[in-house]
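**Q** got a predicted structure here, sequence first:
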Amino acid sequence: MFTGIVEEIGTLEQVQRGQHSAVLTIRADKVLEHTKIGDSIAVNGICLTVTALSAGHFSADVMHETLDRSSLSQIKRGTHVNLERAMAADGRFGGHIVAGHVDGVGRIVSTRRDDTAVWYTIEAEPHVLRYIVEKGSVTVDGISLTVAAVQETCFAVSVIPHTQEQTVLKERTKGDLVNLETDIIGKYVEKLMQPGGQTESKAKESRITKEFLNQYGF
């Protein structure tokens, strides 16, 4: 689990592409402290498992499903990426619950400066927008942000200077793709509100019949 508070910006050093997968090698510093093979690191909001470590670098495998659902399919050598280690049990929860499982890819349709902050308007698919609510939380390229406005086909976030400078958002412009993960709580609530959504929780068939009601005076 992650919090959406980016720890550092890394640089993609190498991409080894297979037919339906890839191996990424990323240059980093802070996120390598106490990191072991098998640990999880969020790369632009995507939970990846560390498969190799060397001085100042780590490698991770990216499967077909991840490439299909994220902007990693277009990533190139030299690209900067947001990095965050999995949350420590004794750490502060500064953002919101982030699973590192991307729901879809959005596209920045506009940016504008508002005094010191910068507004980003991001276009997203309906299956992503249904879980995005005003004043709620959303993860954009692994960054925990508050939703400032929601429209029919897009949503907007207002980013403070600190967040912009400490993440790759400062490099994002109109037309760029970003990874989106919506608040997981909304998805759980929706699932639990659906009768029969899971085999074990299917509603029992009612034994009340018309004859039963007549017998007891209804």
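**A** Okay, I see it. Numbers count the residues shown, from 1 in each chain.
**Q** skipping its backbone neighbours, what lies nearest the residue sitting nearest the centre point of the chain in space?
**A** Of all residues in the chain, the one closest to the mean position by C-alpha atoms, centre = their mean is Glu181, 3.0 Å from it. Closest residue to Glu181 apart from its sequence neighbours, by C-beta to C-beta, 6 or more residues apart in numbering: Thr139 at 4.0 Å. C-betas here are computed from N, CA, C, even on glycine.
**Q** which ones are touching the one you found?
**A** Under the criterion of C-beta atoms under 8 Å, 6 or more residues apart in numbering, the contact partners of Thr139 comprise Gly4, Gly45, His96, Val98, Leu145, Asn179, Leu180, Glu181, Thr182.
**Q** in which helix or strand does it reside?
**A** Using DSSP states H and E, Thr139 maps to strand 137-140.
**Q** neighbouring strands - and their directions - for that strand?
**A** Each strand that strand 137-140 pairs with, and the sense of that pairing, follows from DSSP bridges: strand 143-150 (antiparallel), strand 177-182 (antiparallel).
**Q** ranges for the helices of this protein?
**A** In the chain, the helices defined using DSSP state H lie at 64-69, 126-129, 161-165, 184-192, 210-215.
**Q** poorly predicted segments of this structure, please.
**A** By pLDDT under 70, the weakly predicted segments of the chain are 196-208, 210, 212-213, 216-218.
**Q** sorry, back to before: my read: the residue nearest to the centre of the chain touches Ile97, true?
**A** No: using C-beta atoms under 8 Å, Glu181 is not in contact with Ile97, being 9.9 Å away.
**Q** before we move on, the earlier item: turn the helices of the chain into JSON lines, including mean neighbour count and distance to Trp119.
**A** Putting the helices of the chain into JSON lines (neighbours: other C-beta atoms under 10 Å; distance: least, C-beta to C-beta, whole Å) gives the following:
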{"stretch": "helix 64-69", "mean neighbour count": "15", "distance to Trp119": "26"}
{"stretch": "helix 126-129", "mean neighbour count": "15", "distance to Trp119": "17"}
{"stretch": "helix 161-165", "mean neighbour count": "14", "distance to Trp119": "11"}
{"stretch": "helix 184-192", "mean neighbour count": "13", "distance to Trp119": "23"}
{"stretch": "helix 210-215", "mean neighbour count": "9", "distance to Trp119": "59"}
